[in-house]
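Visitor: Let me see the structure of the following:
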Amino acid sequence: MAKILKKSALCTGIWEFIVEAPSIASKAKAGQFLIIRLHEKGERIPLTLADWDEGEGTITLVVQAAGKSTREMTERFGEGDEIRDVVGPLGTPSEIERYGTVVCIGGGVGIAPIYPIARALKSAGNRIVTIAGARRKDLLFWLDKLEEVSDELIITTDDGSFGRKGVVTEPLKELLRAGGVDRIWAIGPAIMMKFCSLTAREFGVPIVVSLNPIMIDGTGMCGVCRVEVAGETKFACVDGPEFDGAQVNWDLFLARLAMYRDLEERALKAYLGTMEERV
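Guide: Model (predicted):
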């Protein structure tokens, strides 16, 4: 059991949870994730480690209310409540080295996991250019945190309500055309990571992406999170979640993400129906 110490709304539909988990906080590294189960009958869902404080023994989770379990967590769990299972840290940490100039791209809720990576890369002596993007202004968060660890922060919104109007690949192309970029990290919606990877490959700059496939056990046993990278099958939970974006079979990855969409929609509908009955 892990107690929720603090819960706060970051922006529309996205919440921050600070959770008591000293054993995880003492071992956490940038790029890793957790698997949680809210209660005895809950599903296992992966969540990226957005931050941690070893001294306080806490971890920070950023959760977007989307499917059944994330809606349940953001709507029914609050300060003082306990999460049934919190397992981690899982996955291979980010390869933090001194590369030179690194562009870190966070799209939507991907802003949360890109933050500790940018922070670690900055601490390693890199120059950090961060691009944060969202569909509109009210879906942006943690810009102050990103600014603290960035030498330059570029903000984009699809509708132009804040920062530059457009998608994250537009400033990325400008930076790559100008030259001097040594490496790219991109985390966000799969389609965003795909086009960032295509852009990086066009300019011959290495790109790292963090994949979010369907996942169950998180230890490499079930095989559900398999992805194809450089023509080989990899398991995102143990071989990743980070991979060379230029080598990912994005069409297969996107297809696998949609495999259980009908079931996911049915589960959410059933949950919402239960909530209406309680009201």
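Visitor: Please count neighbours and contacts with C-alpha atoms only from this point.
Guide: Will do.
Visitor: what's the neighbour count on residue 117?
Guide: Residue 117 has 24 neighbouring residues, counting by other Cα atoms under 10 Å.
Visitor: Tell me the backbone dihedrals of it, please.
Guide: Reported as degrees, to the nearest 10, the phi and psi values for residue 117 are phi -70, psi -50.
Visitor: which non-adjacent residue is nearest it?
Guide: Take residue 117 and drop its neighbours on the chain: the residue closest to it by Cα to Cα, 6 or more residues apart in numbering is residue 30, 5.2 Å away.
Visitor: Tell me how far the one you found lies from residue 45.
Guide: Between residue 30 and residue 45 the computed distance is 19 Å (Cα to Cα, to the nearest Å).
Visitor: out of those two, which sits in the busier spot?
Guide: Using other Cα under 10 Å, the more surrounded residue of residue 30 and residue 45 is residue 30, with 24 against 18.
Visitor: Where is the longest strand in the protein?
Guide: Among all segments of the chain classified by DSSP state E, the strand with the greatest residue count is strand 2-11.
Visitor: Show me which residues of that strand are buried.
Guide: By neighbour count on 16 or more other Cα atoms under 10 Å, the buried set for strand 2-11 is 2, 3, 4, 5, 7, 10.
Visitor: quick one, what contacts the residue nearest to the second one when sequence neighbours are not counted?
Guide: In other words, residue 3. Residue nearest to residue 3 in three dimensions, not counting chain neighbours: residue 82, with 4.2 Å by Cα to Cα, 6+ apart. Taking Cα atoms under 8 Å, 6 or more residues apart in numbering as the criterion, residue 82 is in contact with 1, 2, 3, 4, 38.
Visitor: if we can go back for a sec, can you give the distance from the following helix or strand past the longest strand of the chain to the centre of its chain?
Guide: Sequence-wise, the next helix or strand beyond strand 2-11 is strand 14-20, with elements assigned using DSSP states H and E. With Cα atoms, centre = their mean, to the nearest Å as the basis, the distance from the averaged C-alpha position of strand 14-20 to the chain average is 14 Å.
Visitor: coming back round to it: which neighbouring elements make contact with the longest strand of the chain?
Guide: On a contact count with 3 or more Cα pairs under 8 Å, 6 or more residues apart in numbering; DSSP states H and E, strand 2-11 meets strand 14-20, strand 82-83.
Visitor: right, so of those strands, which gets closest to residue 128?
Guide: Nearest to residue 128 among those is strand 14-20 (24.4 Å), distances taken as Cα to Cα.
Visitor: Parallel or antiparallel, list what pairs with the closest one.
Guide: Paired with strand 14-20 in the same sheet, following DSSP bridges, are strand 2-11 (antiparallel), strand 58-64 (antiparallel).
Visitor: Redo those as CSV? Include distance to residue 144 and mean pLDDT.
Guide: What follows is the strands paired with strand 14-20, written out as CSV (distance: least, Cα to Cα, whole Å; pLDDT from 0 to 100):
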stretch, distance to residue 144, mean pLDDT
strand 2-11, 12, 96
strand 58-64, 16, 96
